[in-house]
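In: sequence and predicted structure below; questions after.
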There are 2 protein chains.
Amino acid sequence: MASGRFLTSSFTRRLVARRPGSGAGIIGGGFRKNASVLDLSSEISCPRSSVLPSSAALPGLLGFVGKSSPVLKTMKRPSHLFTHQRLSSYHSSQHSLTSKKGVISFHHGSTLHVDAPHNFSESGRYRVACQHRDQLKHARRIIVKLGSAVITRTDGCGLALGRLASIVEQCAELQNEGRDMLIVTSGAVAFGKRKMEQELLMSLSMRETLSPKDPLKGDEVKSLLASRASAAVGQSGLMSLYEAMFAQYGVKVAQILITKPDFYSDETRKNLISTINELLALNILPIINSNDAVAPPPELAEEASRNLDIKDNDSLASRLAVEIETDLMILMTNVDGIYNKPPSVEGARLIDTFNPAMIAELEFGEKSNVGTGGMDSKVKAANYALQRGTNVVICNGLSPGAIKGIVNGRKIGTFFTTEVKGQIGVEALAKNAKKGSRILQSLTPAERSSIINKLAGLLVSRESDILEANRKDIEEAHQSSLTPALTSRLTLTPSKLQDLADGLKQIAVDSLTILGKVQKRTKIAEGIFLKKITVPIGVLMVIFESRPDCLPQVAALAIATGNGLLLKGGKEASNSNKVLMDLVTEALATVGATGAVSLINTRDEITDLLQLEDDIDLVIPRGSSELVKTIKEQSRNIPVLGHAEGVCHVYVDKAADIGKAVKIVRDAKCDYPAACNAMETLLLHRDIYENLHDFDEICQDLKKEGVKIYAGPRLSKCLTFGPPMASSFKTEYGDLQCTVEIVDSLEDAVEHIHTYGSSHTDVIVTEDKAAAKQFLNSVDSACVFHNASSRFADGFRFGLGAEVGISTARIHARGPVGMEGLLTSKWIIEADAAVVSEFTAGKKTYLHQTLPLDESFDQKSAHLEDDIEVDASDKSSY
Amino acid sequence: MASGRFLTSSFTRRLVARRPGSGAGIIGGGFRKNASVLDLSSEISCPRSSVLPSSAALPGLLGFVGKSSPVLKTMKRPSHLFTHQRLSSYHSSQHSLTSKKGVISFHHGSTLHVDAPHNFSESGRYRVACQHRDQLKHARRIIVKLGSAVITRTDGCGLALGRLASIVEQCAELQNEGRDMLIVTSGAVAFGKRKMEQELLMSLSMRETLSPKDPLKGDEVKSLLASRASAAVGQSGLMSLYEAMFAQYGVKVAQILITKPDFYSDETRKNLISTINELLALNILPIINSNDAVAPPPELAEEASRNLDIKDNDSLASRLAVEIETDLMILMTNVDGIYNKPPSVEGARLIDTFNPAMIAELEFGEKSNVGTGGMDSKVKAANYALQRGTNVVICNGLSPGAIKGIVNGRKIGTFFTTEVKGQIGVEALAKNAKKGSRILQSLTPAERSSIINKLAGLLVSRESDILEANRKDIEEAHQSSLTPALTSRLTLTPSKLQDLADGLKQIAVDSLTILGKVQKRTKIAEGIFLKKITVPIGVLMVIFESRPDCLPQVAALAIATGNGLLLKGGKEASNSNKVLMDLVTEALATVGATGAVSLINTRDEITDLLQLEDDIDLVIPRGSSELVKTIKEQSRNIPVLGHAEGVCHVYVDKAADIGKAVKIVRDAKCDYPAACNAMETLLLHRDIYENLHDFDEICQDLKKEGVKIYAGPRLSKCLTFGPPMASSFKTEYGDLQCTVEIVDSLEDAVEHIHTYGSSHTDVIVTEDKAAAKQFLNSVDSACVFHNASSRFADGFRFGLGAEVGISTARIHARGPVGMEGLLTSKWIIEADAAVVSEFTAGKKTYLHQTLPLDESFDQKSAHLEDDIEVDASDKSSY
């Protein structure tokens, strides 16, 4: 760890500068009108002139840092421009990010050293790497190291342009956001090889090129294409390519070539660091490479063991990262990150968060074909930087958008942190849930029921604790100006808790019979008995918003059905959720199954949680239809139980009783307009419309309730002064609004519902039984009602007990889903050495006799079986 | 259409050249040793010297085609290189792709015109555009037009490098495959804008740049950034960027700038075409752009109406495509293709295959912000090229891999074809299936049953037709040297057909009760009755390999359950499938539901079919586990029913009867080793291993059956001369091989099964009832057996009737799946003006009384209801 000194004497000699807005120099990205200009911080204690660069590498020209001293070449430029650049880049301010807990977790600026002390990296600045991925978004200075495997094509000749362009694009965008970006690149060798290959071909004779022997495969050629020469050849081309690409984003680049001795010599290192800092201050992106053309072999020149030996670009990047106080170093390679074993070995698992203490657990494989640094060297380099306050992510440079993803806190690659204990990862929670699920299954139904009853009791006895925590959430909600509707959903009251406890007791009763229920029993043959029983699905993840009462309810459902459960609650209810979760854990502890239910309190994004397809079997979003929709879109491999939309229709048939129609339409729309089972479209048979009295009665009633009506095209055409046109028949208003349209027949109504509906709930109002039957048969929705409000589509109203949700999917569960939706089945055969081959050989015969579900009937109905058997043996003959 | 002339006099004056292997000139892509060199075709009728280019644009230098005549600039190059290039490029041969039916659908070569006739595009070559996407892979000459929106960033300044690099990558790879690629590019304006913006900034005073008013937003600036000037500024930079990028793939490029008059003047056009053809023959990729710096406004210079007026790059590309006889033109824009309405309008649908007759049905929206050509101009340009023998695809340049995807026949963008009628698209088939499904549902069970019986009858009565078609398939299989195992699966016999017919008759019986079955009945309250009934899932897609007997079986299952069905059979069984499908259609015709089942005989890839999430509700792959695995991986939004793997275990407990163990192990492994329910791993309790006799008996028996044994690590450690080590516990051998391992306890066995198994089928052999119970309870697999062979895990053996497949999923259906797997449910309420608000207001009370499933019992049990009601009304109080 870096020493804890803060504000040493050298600090007063530093100028901490931040570039304004989206880019510093006028050369840089777009201007921002509100950019603060010449905002000099009070920390500046030296005249500005003294910090002007002594060895500036300017845009458009290349600043070589040679073996001893920087070499400068100057291009013709209007001189006022140069002055202006300097000034606009030296807008000064200081940014220090101090966490709420009072620990300084970030304190950093673009630092210009005029006369830096020898050990720059421990120059007194207190730097500590951050501990969570989501803090990476605050990283101001980022170094990206591109491994050869990332930018080289698989054939080893030439650059992988697509990838490279994407990396350049991301770096440029981050730079233009106001960050300092640095690139340490490999790839000159690959570039050079391609060029040399061409030159070589050109110097071959006609005969040689026409000979069937490939002229590029000989030994002579190989030596020609040796790395060092290729590097020299490729260097200029590579740089001009980078320059051309970055120019597209208005980002100027500078080239810096380094050899190891440059780094070890105090003077050249000082020059180097100072040059880089100057470049950064000028908003120029330094592109750094080892000077392969002159680099001595790695055996030479060992340095004191305290510092990282520079063997490859990984260690080079790491040393640089420390010296110039980078917040984040991204090492891009061709594997996804650090694995616990070589990735090709069975059981290898990508480590998401790595701390140096874990190094002993790792096994490293062979290094990649293209690069020079293996994974162990990467880990060493990463640890070096980490211990000195730079976060490191090792990731796959082949996956698109990796750099921006990492900076945005996404789970990409392996994140290095010094935190040893910390939070349990979600994978571990999921594995605990799986284990917990197995413990729950091994209990008797009475034991499972007792956990739920215990929880119900705790909800009442710990009322004051719960309400206290809930009060905190409500206070914070007021401060963050949450909408009243959301705040009301967030609020718990003693009566709400009592209702919750009552509901849980009902679940406890239902839980006595729900699991291990026999669904089917068959006597396959003499002595071979098959049964199908209900078993839990496995591990569920329930994602819920604001309402904290969701937590104990869902937990009870999971315990009743023997499922493991991961809960991801809304941030706004975090205090309430925490207390409620403690109660669940307390209840589970009575049977030693505390792991079965967990509240995810890591900062993982939902997108990342939805990747855990090996650990989670079903995702249930409980909340707004936007939440459900988002989850459905993001979950690629885990099934999602929920309804996407609720565009429900009420069709008023020509044979409708208008009184009933008015009553049903009012209830369907106005009882709770935000619900997914509320009516969105009212379809009127043309006869109803043409009977002016009927039409008026329905519309007047809706108007009286304050419902805003939109007309479909046909209604619109009929009315001279009608309501406004509906923008779409697919609209789910979720409010006191609805679409009204005319249909010519029942078939027409069904066609409309199939075209624009969401197969949720649709209603016919009619006195004509034949019409009702036709509608109920032909409308293909989860719920189809005759003369009943669409609002009945609800688990409680259906008598299913607690509701898991409403599904508009066509497989597994459809419509309101009770506990059955959390169950799957298992087939069990009990026999005495039953083998298939005896049936194939004709020695035995299949009976396939259906047995009563209750095994205790087996004895009683023994004589009955004989009757069935005769019939069944016929079937088994084919 | 082009005239039908073929081999006119001008033809004899043409030299048709093909470049060998992966690229022609030595400058081009990698060499191939077997490339045929100097393979002169018999068609050459003029001395080679006469065809040498008069106006060659060489690699590394730019061939400007100015207003009147081509301008050439030459760079220094070794002269022998030039000579060699020419020679190696003029290796001559001719390729003509003639379809099997004898119609010449492709006839094309890189053509060098010394003295081309005026109307080059109708020069006597008979060119017809191909009719299916999968023929595009034969396209030798491809022109790619990049719209401004594709290569420009959204801010309009600068190029979208990532996209551009990817396009360059694809073009270069296609070029290196030996195709002739041309690029018509926009984008110089965007490039120039970026450069001019910078220059402008540099000429501003300090004060101007520091003023809060954005100096780049003024009118003065806008005029400075005008298109024409920007184009001039950008041209050179754009080209050098292209050149740098293509150089990475060893592809040389040439720049050609065209104005409209160049095209309309006979002389300049002749020069232009000749130059382009020469470039292509030299394996140089021409990059074509309109000469925006000098281009006259579009009003000027109208041409004869016979040809397409050149208004924009689309029409430019189209004219060029025709003139140089391109096989394929790809117009890349920023929308996915042609929609029937503007994409933002509701109901807009992407048209996959477009023919010119459809143009009347289209509505076009506003053109894009960036480009000059709207969608209507694209369609006109596309039609022009299409009518003259060039296929066109309009696609979204923003989607990655589009060019290579199109060339590989993938459904990307809108494909233009002249075929008007042709095959019905899969979407239409799916819609028919949906309609057919509704017809099937409207039938009585007896009617559905009769269709299946009819089909069963046809299978027998048309035996000879079926076997005749099957014989053709078998013959073709022999010719294509299919493996004997596959051929045997392909083969139909009279007895197989009879079995099939018998099976169908059984399905017909089962179908009488399967659909509309009441699963639950509840009296919600007085006068409100709820029931849950079985309904079809919707439209199924079944993908099956070799076995043609699958077709009638699956069709019968779909008809029985009222589902629509799309079948995609293996190519190897196409004749058999066709005849069988005809029988299905004949059977369906008896009730007028022919659309319900269709055989997909379009050339669509399975990947594309799996995109039809709106039309298909469930995918069922029937075949090898590789097939299932591939389908599962590819299907992102349609659920897949099937088992991924079958790693089944037999655990021989310490309390096992060895005789039974031997019998069960032998059956589980050897009865049919390729089945997914065959044993892959044998787990032996340590006691069994240590009783040398028991261990030997089991192993000897397996050896006798020819089973190759692999040892797990523990067994390996115990044996001095043991069998070879198993490479993994997760191996599904699917053959007479298995892994044997020692476990220390039943818990250990369960742990092993959970760690390495696939939750398919696992078996315990034991005489200890408590151990058996523990195993059956704790092993979390679809099927768990006690003293029975794993081979019993099968729908037929379970007595489910016809088997749909075996599922290892945890939702919907698990284990062997019968017809129930093809069903979902629908909730129906029948009431008399029931509204929720009356319950909320306390006017009515929920009863939630479970009713017997058979409605006819309602009357009888009237007095019984009263008893239950008391209990239920308690529940409804909360």
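Out: Great, that's in hand.
In: CA atoms for contacts and neighbours, from now on please.
Out: Fine.
In: quick one: the strands in the stretch 451-600 of chain A?
Out: A:518-525, A:528-536, A:539-544, A:564-568, A:597-599 (DSSP state E, counting those that start in this stretch).
In: my bad, should have said the stretch 651-800 of chain A
Out: A:679-685, A:708-711, A:737-743, A:761-765, A:783-788.
In: so how far is the fourth one from its chain's centroid?
Out: It stands for strand A:761-765. 39 Å (C-alpha atoms, centre = their mean, to the nearest Å).
In: equivalent analysis for the last one, please.
Out: Here strand A:783-788 shows a centroid-to-chain-centroid distance of 40 Å under the convention C-alpha atoms, centre = their mean.
In: just to revisit the earlier point, please identify the most buried of the strands of the stretch 451-600 of chain A.
Out: strand A:564-568 (a mean of 27; mean count of other C-alpha atoms under 10 Å in any protein chain shown).
In: point me to the residue of chain A nearest chain B.
Out: residue A:812 (3.6 Å; C-alpha to the nearest C-alpha).
In: residue A:719: neighbour count?
Out: 10 (other C-alpha atoms under 10 Å in any protein chain shown).
In: with the one 10 residues further on instead?
Out: If you count neighbours by other C-alpha under 10 Å, residue A:729 ends up with 23.
In: how near is it to residue B:803?
Out: 41 Å (C-alpha to C-alpha, to the nearest Å).
In: same check on residue A:322?
Out: Distance, residue A:322 to residue B:803, by C-alpha to C-alpha: 65 Å.
In: surely residue A:701 and residue A:661 touch.
Out: No. Residue A:701 is beyond contact range of residue A:661, at 10.6 Å (criterion: C-alpha atoms under 8 Å).
In: the longest strand anywhere in chain A pairs with which strands?
Out: Criterion DSSP state E: the longest strand present in chain A is strand A:823-834. In the sheet, strand A:823-834 lines up against strand A:528-536 (antiparallel), strand B:783-788 (parallel) (DSSP bridges).
In: dump those strands into TSV; add mean pLDDT as well.
Out: Converted to TSV, the strands paired with strand A:823-834 look like this (pLDDT from 0 to 100):
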stretch	mean pLDDT
strand A:528-536	95
strand B:783-788	97
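In: make JSON lines out of the ones you listed and add distance to residue A:853.
Out: Listed next are the strands paired with strand A:823-834 as JSON lines, based on distance: least, C-alpha to C-alpha, whole Å:
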{"stretch": "strand A:528-536", "distance to residue A:853": "9"}
{"stretch": "strand B:783-788", "distance to residue A:853": "18"}
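In: so between residue A:701 and residue A:661, which is more surrounded?
Out: Applying other C-alpha under 10 Å to residue A:701 and residue A:661 shows that residue A:661 carries more neighbours, namely 25 against 15.
In: if you drop the residues flanking it in sequence, what lies closest to the more buried one?
Out: Leaving aside its chain neighbours, residue A:661 sits nearest to residue A:765 (6.0 Å; criterion: C-alpha to C-alpha, 6 or more residues apart in numbering or on different chains).
In: show me what contacts the nearest residue to residue A:672 once chain neighbours are set aside?
Out: Ranked by C-alpha to C-alpha, 6+ apart and with sequence neighbours excluded, the top spatial neighbour of residue A:672 is residue A:678, at 6.8 Å. By C-alpha atoms under 8 Å, 6 or more residues apart in numbering or on different chains, residue A:678 lies in contact with A:646, A:648, A:668-672, A:734, A:790-791.
In: please apply the same query to residue A:587.
Out: A:451-452, A:454-455.
In: can you count the residues close to residue A:800?
Out: Using other C-alpha under 10 Å, residue A:800 has 18 neighbouring residues.
In: correct me, but it touches residue A:821?
Out: No. With contacts counted by C-alpha under 8 Å, residue A:800 stays clear of residue A:821, the gap being 10.8 Å.
In: which neighbours do those two have in common?
Out: With C-alpha under 8 Å, 6+ apart as the test, residue A:800 and residue A:821 reach no residue in common.
In: so chain A: which segments form each domain?
Out: Following the TED database, one gets these domains for chain A: A:133-187+A:237-294+A:309-416, A:429-519+A:530-634, A:649-803.
In: which one of these lies closest to residue B:746?
Out: Of all those, domain A:429-519+A:530-634 sits nearest to residue B:746, with 15.0 Å by C-alpha to C-alpha.
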